[in-house]
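Undergrad: 3D, please:
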Amino acid sequence: MSVAQLIRSSNAGWRSRLAPIAGAVVLAACTLQSSVSPSANPSSSAGATASATTQPSATAEPSPSDSGRLTLPEPSATDSSIPISYTVTVEVAAGASGRLLVVVTNLGSEVVPELVLRWPTEVRDTIFLAPFLPSQQRIQLGGDPLVQEWTKWVDGPGEHGEPAGTTSLGWGPLLVGGTLTIPIPATRVAAGPISFDLQILNGEAVLQSDGVAAWLHVDVP
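TA: Numbering: from 1, shown residues only. Here you go, the predicted model:
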């Protein structure tokens, strides 16, 4: 609280009479300021959506952001030693099924032991994402062997640190200079659009592209 400065007078008598008044004003101001109880000062970003710089709690799970997007908790680690480039194409029409097409290239000098894609498990309430489409041929006697290129498909919490409320799809190693083209079938379960987070990781460490975490937002109409 600021106190206005008193106007000076050239008359000494006036100064002597004003001095007690000024002291009383200052004392009242100080008393008023000390009697006000402190109030909460929330951060201006309290309503902002989760981002890669947010520090997660031990029980952090995916939840809808203020914009309705399904968000992911921050990964336990970041891998900046193996840069990648990537594209994610949504090939899903409004009200229909389709697929996500993820293309990842290893730009580093080391192998990514297991490339992992992660999204909130709740996405399946609108579109069901899977590493393959089910078919009768897969279960009929004499059909194609059930051999897949993917290495894991886990709803967390998982044995290797996969967080609760997330689905993690492992796609095996990504060699130096190699490119993985990953088609993810998206089967429509409910009408309406959906927006959600997608992370690209080396195991449990999020990878980086141009120095930025490979943590993107996917919008399906």
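Undergrad: buried ones in the longest strand along the chain?
TA: For the chain, the strand with the greatest residue count under DSSP state E is strand 77-92. By neighbour count on 16 or more other C-beta atoms under 10 Å, the buried set for strand 77-92 is 78-79, 82-84, 86, 88, 92. Backbone N, C-alpha and C define where each C-beta goes, glycine included.
Undergrad: pull the residues that contact that strand.
TA: Residues outside strand 77-92 that contact it (C-beta atoms under 8 Å, 6 or more residues apart in numbering) are 98-108, 110, 112, 127, 174, 186, 188, 198, 200-202, 204-211, 213-214, 216, 218-221.
Undergrad: what's the following helix or strand after that strand?
TA: strand 98-106 (DSSP states H and E).
Undergrad: what mean pLDDT does the longest strand of the chain get?
TA: Strand 77-92 shows a mean pLDDT of 97.
Undergrad: what distance do you get for residue 88 to residue 78?
TA: 19 Å (C-beta to C-beta, to the nearest Å).
Undergrad: adjacent strands (with direction) for the longest strand of the chain?
TA: Note on strand 77-92: by DSSP bridges, its sheet partners are strand 98-106 (antiparallel), strand 205-209 (parallel).
Undergrad: give me the residues contacting the shortest one.
TA: In this structure, residues lying in contact with strand 205-209 by C-beta under 8 Å, 6+ apart are 52, 75-80, 82-86, 112, 199-201, 213-215.
Undergrad: tell me what the helix or strand harbouring residue 167 is packed against?
TA: Using DSSP H and E, residue 167 sits in strand 166-170. Secondary-structure packing of strand 166-170 (3 or more C-beta pairs under 8 Å, 6 or more residues apart in numbering; DSSP states H and E): strand 115-120, strand 152-155.
Undergrad: 10 Å - rerun?
TA: In terms of contacts (3 or more C-beta pairs under 10 Å, 6 or more residues apart in numbering; DSSP states H and E), strand 166-170 is packed against strand 115-120, strand 152-155, strand 194-202.
Undergrad: just say which of those is most tucked in.
TA: strand 115-120 (a mean of 24; mean count of other C-beta atoms under 10 Å).
Undergrad: report the angle between that strand and strand 166-170.
TA: Here strand 115-120 runs at 160 degrees with respect to strand 166-170, directions being taken by axes from the mean of the first three to the mean of the last three C-alpha atoms, to 10 degrees.
Undergrad: in its sheet, what does strand 115-120 sit against?
TA: When DSSP bridges is applied, strand 115-120 pairs with strand 166-170 (antiparallel), strand 194-202 (antiparallel).
Undergrad: quick check, pLDDT for residue 1.
TA: What the model reports as pLDDT for residue 1 is 33.
Undergrad: my bad, should have said residue 158
TA: 91.
Undergrad: find the nearest non-adjacent residue to it, please.
TA: Computed as C-beta to C-beta, 6 or more residues apart in numbering, the closest residue to residue 158 that is not its neighbour in sequence is residue 168, at 6.7 Å.
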